[in-house]
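**Student:** The following block contains a protein sequence and its predicted model.
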Amino acid sequence: MARDPAVLVTSASKKVPLLRSLAEAAGRLGRRMRIIAADSDATCIARHFADEFWKMPKLEDLTLRQLVEACRMFGVRAIVPTRDGELPFFARHRAELAASGVAVMVSGEKAVERCTDKLLFYEYLAPRGFPVVPAFRSADEVPGDALVVKERYGAGARNMAMNVSREQAKAHASALEHPVFQPFVEGYEVSADLYVTRSGLCKGVVLRRREKVVDGESQVTSTFRDAHLERLNMDLARELGLYGHAVAQWIVDAAGRPHLVECNPRVGGASRLSWQVGLRSLDWFLAEALGMDADPLPFHRSEREMRMVRYPEDWFMEIGTDDAEVRL
């Protein structure tokens with residue numbers, strides 16, 4: 001008997017809500033899909049919540065051939081990368097994986113490069129009229145007295161210093177590998193979740209106010225509507241040439257002006273809230289991975305706003321005589 005097709009979640013770590021959301025998305029499509037968690041840590045939490053687990057080699061040791069062989073072994077039809085550092089690898093090999101019958105929710109190489117390099121992100125978007133926060137190689141180039149300093153590549157919150165003086169910024173930068181400097185913009189933080197289909201259609205945008213942020217991820221977040229900001233994010237997706245799910249980060253100042261900070265071309269930790277109010281990114285991606293056209297599938301944005309609170313939860317299981325887990 002042929003096995004059900006599988007979806008592989010890389011750097012699965014403790015991303016249990018994502019695994020559950022993928023299973024729910026497959027169910028809405030009327031398809032049974034096995035969930036494969038992959039991580040270089042054989043003891044990661046996610047393995048206990050997946051149908052199967054693959055101890056994936058570290059990215060620097062992973063070859064395309066190994067990945068294709070693993071996909072064949074598990075019957076993988078779709079891959080969802082979840083970490084910034086692995087996006088260039090999957091973007092580079094997206095075409096070869098597609099030729100092997102495996103769809104990857106990742107944008108093209110140029111789009112990934114523009115999103116993961118904060119200096120390039122600014123230099124590309126500013127001349128095109130987007131209200132992006134300026135980025136500079138030197139602290140002395142930054143206007144104003146309050147600065148932000150962060151790593152040029154990868155996740156924005158990593159080793160970041162905010163609202164510091166010029167001299168403090170220079171001192172903090174000495175501990176960074178590739179620092180970039182920006183003016184500090186005061187205001188409230190907004191995440192914009194969006195999905196772009198294979199044809200380049202942006203299905204829609206859901207805005208979330210980040211009410212409590214820990215290590216760069218929203219622990220408490222609430223949806224809201226703003227037609228201008230929603231259109232701006234759709235324009236951003238089109239200009240960057242994105243594919244799949246992406247999360248744009250904004251700061252809205254006291255005058256209501258939006259300032260674009262960055263765009264992460266992957267699912268976010270709190271993106272599940274946007275899925276709950278109608279942005280069915282995982283449904284659309286799995287549909288495309290299974291050979292369907294996602295463009296006609298509707299985006300029904302809920303008329304009611306929602307708040308999500310993320311918190312740790314315990315789960316219990318029995319252990320069999322062979323040390324196998326028995327789910328309760």
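**Tutor:** Looks like it arrived, so ask away.
**Student:** Could you use CA atoms for every contact and neighbour count after this?
**Tutor:** Fine.
**Student:** gap between the two ends of stretch 234-245?
**Tutor:** Taking CA to CA, to the nearest Å as the measure, stretch 234-245 stretches 12 Å from start to finish.
**Student:** Give me the contacts around it.
**Tutor:** Stretch 234-245 is contacted by residues 105-108, 111, 114, 130, 193-198, 200, 202, 204-205, 265-267, 281, 285 when judged by CA atoms under 8 Å, 6 or more residues apart in numbering.
**Student:** Can you turn the buried part of those residues into a ChimeraX selection?
**Tutor:** Selection of buried members from the contacts of stretch 234-245 for ChimeraX, criterion 16 or more other CA atoms under 10 Å:
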select :105,106,107,108,111,114,130,193,194,195,196,197,198,202,204,205,265,266,267,281,285
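**Student:** In strands, which of the contacts of stretch 234-245 fall?
**Tutor:** Using DSSP state E, the members of the contacts of stretch 234-245 that fall in strands are 193, 194, 195, 196, 202, 204, 205.
**Student:** what is the closest residue to the last one other than its chain neighbours paired to in the beta sheet?
**Tutor:** If I follow you right, that is residue 205. Nearest residue to residue 205 in three dimensions, chain neighbours excluded: residue 194, at 4.6 Å (CA to CA, 6 or more residues apart in numbering). Per DSSP bridges, the residues bridged to residue 194 are residue 205, residue 246.
**Student:** Can you verify my assumption that residue 194 contacts residue 204?
**Tutor:** Yes. Counting by CA atoms under 8 Å, residue 194 touches residue 204, with 5.8 Å between them.
**Student:** Spit out the residues that contact those two alike.
**Tutor:** Common neighbours of residue 194 and residue 204, using CA under 8 Å, 6+ apart, are 234, 279.
**Student:** The residue nearest to residue 205: what's it in contact with?
**Tutor:** Residues near residue 194 by CA under 8 Å, 6+ apart: 202, 203, 204, 205, 206, 233, 234, 245, 246, 247, 279, 281.
**Student:** And the furthest pair within those?
**Tutor:** 233 and 281 (15.6 Å; CA to CA).
**Student:** which stretches of the stretch 51-200 of the chain form strands?
**Tutor:** Taking DSSP state E, counting those that start in this stretch to define them, one finds strands in the stretch 51-200 of the chain at 52-55, 76-80, 103-104, 147-151, 161-164, 179-183, 188-196.
**Student:** Adding mean pLDDT as columns, could you present these in a markdown table?
**Tutor:** As requested, these are exported to a markdown table (pLDDT from 0 to 100):
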| stretch | mean pLDDT |
| --- | --- |
| strand 52-55 | 97 |
| strand 76-80 | 98 |
| strand 103-104 | 98 |
| strand 147-151 | 97 |
| strand 161-164 | 96 |
| strand 179-183 | 98 |
| strand 188-196 | 97 |
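**Student:** Output those in a markdown table; the columns should cover distance to residue 23.
**Tutor:** Shown next, in a markdown table, are the strands of the stretch 51-200 of the chain (distance: least, CA to CA, whole Å):
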| stretch | distance to residue 23 |
| --- | --- |
| strand 52-55 | 13 |
| strand 76-80 | 13 |
| strand 103-104 | 17 |
| strand 147-151 | 35 |
| strand 161-164 | 38 |
| strand 179-183 | 39 |
| strand 188-196 | 19 |
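**Student:** who's in contact with residue 172?
**Tutor:** Counting by CA under 8 Å, 6+ apart, residue 172 touches 149, 161.
**Student:** Next one: it from residue 160, what distance?
**Tutor:** According to CA to CA, residue 172 stands 9 Å off from residue 160.
**Student:** between the two, what contacts are shared?
**Tutor:** Counting by CA under 8 Å, 6+ apart, the contacts common to residue 172 and residue 160 are residue 149.
**Student:** Throw the contacts of residue 194 into CSV and include distance to residue 64, thanks.
**Tutor:** Converted to CSV, these look like this (distance: CA to CA, whole Å):
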residue, distance to residue 64
202, 30
203, 31
204, 33
205, 33
206, 34
233, 33
234, 33
245, 23
246, 24
247, 27
279, 32
281, 26
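**Student:** Name the nearest of the residues you listed relative to residue 22.
**Tutor:** Distances from residue 22 to the contacts of residue 194, taken by CA to CA, are shortest for residue 281, at 9.8 Å.
**Student:** So which of the strands of the stretch 51-200 of the chain is nearest residue 62?
**Tutor:** Nearest of those to residue 62, taken as CA to CA: strand 52-55 at 11.4 Å.
**Student:** who does that closest one touch, helix- and strand-wise?
**Tutor:** Contacts defined by 3 or more CA pairs under 8 Å, 6 or more residues apart in numbering; DSSP states H and E place strand 52-55 against strand 34-39.
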